[in-house]
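Enquirer: here are the coordinates; sequence isn't available:
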Ligand SMILES: [Zn+2]
Ligand SMILES: [Zn+2]
């Protein structure tokens, strides 16, 4: 990508919209990113070619940075945000109802955000500092697997498989096998049965750490960016407490995982 600043603006705007259940048309994405429509189209085209974004037949962005409007077996569940947090849908945008939002037995409405892979289901709420649940199925036994996160920190015995980064096509080469497993034993059984593929086993706490750096470029800037007039993204990531402060303003972004 020739212009990392441009890519960052488009990823950030597209990611915020998809988290809110909005699938932006090219012109809407360009406006949200504060870039020209030609520039946005060029960035999206390059991201799609690299398996780092998807678009619907009508041109709407329906997947970026691990979040997708298409059904998968991986998701992030969290209490549905009140409308004020999600922000209003732009003119021509789809309604801002969270994808898959539903009342559960206790009457608490849950938002379900589909992700490309199990790694994304842990890494995204970790990067956002959310209290949420990563929901997926074990890559070995197929059982439903729920990993709770508190302020972005995951808990439990689950392990994840991290395929090699820096691949040609993220969706095909990385996300397709970046599964979570019930525990290290199930990961090792899958690995043996898969003829020991390239990659590394990582506990979910380490996946969360990786997510915080890999998604840094998608997060709102720490301060209003004078160059972009302080756009409102509608996101309000919480900085984890307990002294684990982190900086949002950051550079490079995109380490090939998302
Ligand atoms: Zn299992
Ligand atoms: Zn993924």
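Expert: On my side now, so go ahead. Note that the structure is a prediction, hence the values are computed from the model and not measured. Ligands and ions are numbered 1, 2, ... in the order given.

Enquirer: From now on I want contacts and neighbour counts done on CA atoms only, so please keep to that.
Expert: Noted.

Enquirer: the strands in this protein, which residues?
Expert: Assigned by DSSP state E, the chain shows strands spanning 53-55, 61-64, 67-68, 75-79, 102-103, 109-114, 132-137, 144-150, 153-154, 159-162, 180-181, 200-203.

Enquirer: list the contacts for the closest residue to residue 175 other than its chain neighbours?
Expert: Distance criterion C-alpha to C-alpha, 6 or more residues apart in numbering; nearest residue to residue 175, sequence neighbours excluded, is residue 117 at 5.1 Å. Applying C-alpha atoms under 8 Å, 6 or more residues apart in numbering, we find residue 117 in contact with 66, 73, 74, 175, 176, 177, 178, 179.

Enquirer: ok, back up a step: so which of the strands of the chain is the most packed in?
Expert: Highest mean neighbour count among these (mean count of other C-alpha atoms under 10 Å): strand 180-181, with a mean of 32.

Enquirer: which helices and strands does that one pack with?
Expert: strand 132-137, strand 159-162 (3 or more C-alpha pairs under 8 Å, 6 or more residues apart in numbering; DSSP states H and E).

Enquirer: That strand pairs with which strands?
Expert: When pairing is defined by DSSP bridges, strand 180-181 lines up against strand 159-162 (antiparallel).

Enquirer: which among the contacts of residue 117 gets closest to ligand 1?
Expert: The shortest gap between ligand 1 and any of the contacts of residue 117 belongs to residue 179, at 10.7 Å (C-alpha to the ion).

Enquirer: what residues are up against that closest one?
Expert: So residue 179 contacts 117, 118, 119, 138, 139, 160, 161, 162 (C-alpha under 8 Å, 6+ apart).

Enquirer: what's the nearest residue to it if we skip its chain neighbours?
Expert: Leaving aside its sequence neighbours, residue 179 sits nearest to residue 118 (C-alpha to C-alpha, 6+ apart; 4.7 Å).

Enquirer: I figured the one you found was touching residue 178, is that so?
Expert: Yes - using C-alpha atoms under 8 Å, residue 118 is in contact with residue 178, at 6.0 Å.

Enquirer: Could you check which of the two is surrounded by more residues?
Expert: Higher neighbour count among residue 118 and residue 178: residue 118, with 31 against 24, using other C-alpha atoms under 10 Å.

Enquirer: Mind giving me the packing neighbours of the longest helix seen in the chain?
Expert: Under DSSP state H, the helix in the chain containing the largest number of residues is helix 4-19. Here helix 4-19 touches helix 26-33, helix 37-49, strand 61-64, strand 67-68, going by 3+ C-alpha pairs under 8 Å, 6+ apart.
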